[in-house]
Structures are given as C-alpha cells and as structure tokens.
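Trainee: this is a predicted model, with the sequence first.
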Amino acid sequence: MKRHHLKVAAFGISAALLAIAAPTIGGLSTGQAWAHGTFAAGDPGDPKKPTSRTIEIVAREGDGRMSYTPEKIEVTRGEQIRFVIRNEGELAHEFLLDSFEGNAKHKIQMEKNPTMEHDEPNGTRLETKKAGEILWVFDKVGTFEFACLIPGHYEAGMRGVVTVVDAKAAKKK
Ligand SMILES: [Cu+2]
C-alpha cells in the first residue's frame, strides 16, 4: 500500500504542473480524479501478487485509421492483468486506462499541451516499435476505456473498451 501512495503522490506533482484544480494535502497536490489515492478503472498492480493473465495489445496505424488490437477486453473483477502494449506503428502512441470521463478530460489537457509526457501507473507512451507494460488490478465492476490521447489519434480510432464483470456474472456465461 505504501508504494501506491508514493506513486500517487508522484503523479500529484505532475498533475499540479498541468494546472489541474486540485486539493492540497501535506504540501502535495493530488489530481482531482485520483483523490483519496484511487484510480477510476481500478488500482495499480502489485508485482509480488499473482497475475491472472497477460493481455497483449498492438497499437498501429493503417487503412486510414489508428487502432488497438484487440479493441474489446472482458475481465473478471479482482483479476490482476499484465498488459503488454506493442507499438507496431510508425508514430508514437499511448495507452491510457481510465474511465470514459477521465480520458475525455485528459484529452482536453492533451490538446492544450500535445507534448505532455505520461508515466503514470495507468498509462504509458511508446515510441515507434517499442513495447511497454502496465500491471493493473480491476477491482471495480464497470466499463472502462483505454485510449491514445495524442491529438487526432482517438478520433482516428485509437480507443478500446474494458468490461469488468462480477465473478458470479462471469460464471453464468
Ligand atoms: Cu496514438
């Protein structure tokens, strides 16, 4: 738990640089969406705990659009997922996991500041032909979004959906 708080605090500093209106706790600002040390789509994973699956996601351009493959993922609540994101495109791409609302707000920030870098637990930016990893625990039922918020990319199709279902609902299928 301690590590998570440190990570969140580190993010708080970058959030403050982005001038996101935020409450101040102990001299450090915490981003609005991440108040109380929480993320909309779940929580950063713990490498010491078992990972239920590795999901590989490929980001690329082609056929007049930009996309992720796969574009739809279903997970069971409580799963810790290792996402391996490979950028097979010619441009830099991102993978940001958040609520639809969180990504929409972040997208506006990116439009104002296109060179904004990301190194948050819920996202990464990958240069061409690079790969990266995100370890994530989906502890909330709901529908979340992964998106590339580099201006123009989301509109070109670079977005996907994660549906988190309750274990009981998953068994019924
Ligand atoms: Cu992109």
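Mentor: Thanks, I have it.
Trainee: from the ion, how far off is the residue positioned nearest the centre of the chain?
Mentor: The C-alpha lying nearest the average C-alpha coordinate of the chain belongs to residue 97 (CA atoms, centre = their mean; 2.0 Å). As for residue 97, its distance to the ion is 14 Å (criterion: CB to the ion, to the nearest Å). Heads up, the C-betas are built off the backbone N, CA and C, glycines and all.
Trainee: OK, contacts around that residue?
Mentor: Contact analysis of residue 97 by CB atoms under 8 Å, 6 or more residues apart in numbering lists 41, 83, 122, 123, 134, 136, 144, 145, 146, 162.
Trainee: pipe the residues you listed into TSV and attach secondary structure, pLDDT and distance to residue 106 per row.
Mentor: Converted to TSV, these look like this (DSSP: H, G, I helix; E, B strand; the rest coil; pLDDT from 0 to 100; distance: CB to CB, whole Å):
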residue	secondary structure	pLDDT	distance to residue 106
41	coil	95	12
83	strand	98	18
122	coil	95	10
123	strand	94	9
134	strand	96	15
136	strand	98	17
144	strand	98	13
145	strand	98	11
146	strand	98	12
162	strand	98	16
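Trainee: what separation do you get for residue 57 and the ion?
Mentor: Residue 57 sits 12 Å away from the ion, taking CB to the ion as the criterion.
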